[in-house]
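Trainee: Need coordinates for the below:
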Amino acid sequence: MVDSSMPTKSAPTSRTKDHRMPVKNSPKKRASFQLLAPGASQVCVAGTFNNWNPDARSLKKGKDDQFRTWMNLPTGTYEYRFVVDGEWREDPACQQHCPTPFGGNNSVLEL
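Mentor: You can find the predicted model right below:
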């Protein structure tokens, strides 16, 4: 289900300077992203792993209205949000969040 909280129009930032601190030759882990978004035409994921680029990673829509993607990321902690038809949203399935300077929250992924 898509979070019904007020979407943020501008790109979020991290609460710290940079969560991307991969160690040279650190092992990569598979990160899966999934969002139920009935009626949405495009869902992307943006975060500290792609410099908050809202167009860098699109999710593929399934017949069940679930949008999904996965990527291999170095072990670490990342902040992210979904971009649903241009609106920034939290991951409603994520249990860990942190505040943003815009009054919303980023979802936190630990690998």
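Trainee: residue ranges with poor pLDDT in this protein?
Mentor: The chain contains residues with pLDDT under 70 at 1-25.
Trainee: Okay, strands next: where are they in it?
Mentor: Taking DSSP state E to define them, one finds strands in the chain at 28-36, 43-47, 60-61, 66-74, 77-84, 87-89, 97-99, 105-110.
Trainee: Out of those, which is closest to N53?
Mentor: strand 43-47 (5.8 Å; C-beta to C-beta). No exception for glycine: its C-beta is placed from N, CA and C like everyone else's.
Trainee: hmm, who's touching that closest one?
Mentor: Contact with strand 43-47 is made by 11, 33, 35, 37, 52-59, 61, 67, 69, 78-85, 88, 106, 109, as judged by C-beta atoms under 8 Å, 6 or more residues apart in numbering.
Trainee: Now tabulate the strands of the chain in a markdown table and tack on mean neighbour count.
Mentor: Shown next, in a markdown table, are these (neighbours: other C-beta atoms under 10 Å):
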| stretch | mean neighbour count |
| --- | --- |
| strand 28-36 | 15 |
| strand 43-47 | 24 |
| strand 60-61 | 12 |
| strand 66-74 | 16 |
| strand 77-84 | 23 |
| strand 87-89 | 19 |
| strand 97-99 | 13 |
| strand 105-110 | 21 |
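Trainee: Alpha carbons of stretch 47-58, in PDB - could you do that?
Mentor: Output of stretch 47-58 as PDB, limited to C-alpha atoms (Å, rounded to 0.1, in the frame of the first residue of the first chain):
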ATOM      1  CA  GLY A  47      18.600   7.000  -2.100                       C
ATOM      2  CA  THR A  48      22.100   7.400  -0.900                       C
ATOM      3  CA  PHE A  49      23.100   4.400  -3.100                       C
ATOM      4  CA  ASN A  50      22.400   6.500  -6.300                       C
ATOM      5  CA  ASN A  51      22.900  10.100  -5.100                       C
ATOM      6  CA  TRP A  52      19.100  10.600  -4.700                       C
ATOM      7  CA  ASN A  53      18.600  10.400  -8.500                       C
ATOM      8  CA  PRO A  54      14.900   9.900  -8.900                       C
ATOM      9  CA  ASP A  55      15.300   8.400 -12.400                       C
ATOM     10  CA  ALA A  56      18.200   6.100 -11.800                       C
ATOM     11  CA  ARG A  57      16.300   3.000 -10.800                       C
ATOM     12  CA  SER A  58      12.800   2.200 -12.100                       C
END
